[in-house]
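Q: model the structure of this input:
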Amino acid sequence: MRRLSSTELDKIATRLQAIDVEEATLRAELEAQVDQFGFAPPRAEKSKRLLGDLFEFTLSTSQGTEIRDVEVQRIRELCPEGIFSQLFDTVTRYKMAKTATMLLAGPLPEDAPRNLRMLFHKAVVVKAGALRLRIEKLDADAAARDWIEQGIS
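A: Numbering: from 1, shown residues only. Below you'll find the predicted structure:
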């Protein structure tokens, strides 16, 4: 292998930049297609899928939850332990309890603070994650099964 000249290196870097731009353009086009025309796969409510003859395209989004410790501490001071433990698990930091949404969705217990829902809303912030596009090559048998499952023939 010989050492490339600075002109040759620049030419390769320029080509890589062009490939990056083309890839971003193609991915954006695929994301738009999947977003508009895709279907929700079973048990994947935050995803959409579109099938080609050779590839499967899945567009997914994620969410993160931020727990604001100061607000959680305020709730802890106002709530009986039984209610607080249904909202949050105490770890080094606060983590939303699995029963939190169920507790807040129904009538609140009598000993709950009147403004518990507002306090909880201040304490817990749901953050949307970035969209991810996954492209997988299909084998012919899997594509045929998917088409049959969707009623496509």
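Q: okay, which residue is most central for this structure?
A: Ser62 (0.9 Å; C-alpha atoms, centre = their mean).
Q: ok, the residue lying closest to it once chain neighbours are set aside - contacts?
A: With sequence-adjacent residues excluded and distances taken as C-beta to C-beta, 6 or more residues apart in numbering, Ser62 is closest to Gly129, at 3.4 Å. Bear in mind the C-beta positions are built from the backbone N, C-alpha and C, glycine included. The contact partners of Gly129, taken as C-beta atoms under 8 Å, 6 or more residues apart in numbering, are Thr61, Ser62, Gln63, Gly64.
Q: could you do Glu66 as well?
A: Residues in contact with Glu66 (C-beta under 8 Å, 6+ apart) are Val124, Val125, Val126, Lys127.
Q: now swap in Glu31 and tell me
A: Applying C-beta under 8 Å, 6+ apart, one finds that Glu31 lies in contact with Leu59, Leu131, Leu133.
Q: quick one, longest helix in this structure?
A: Once the chain is assigned using DSSP state H, the helix that runs over the most residues is helix 6-37.
Q: domain ranges for the protein, per the record?
A: Residue ranges for the domains of the chain, per automatic domain parsing: 6-62+129-150, 63-128.
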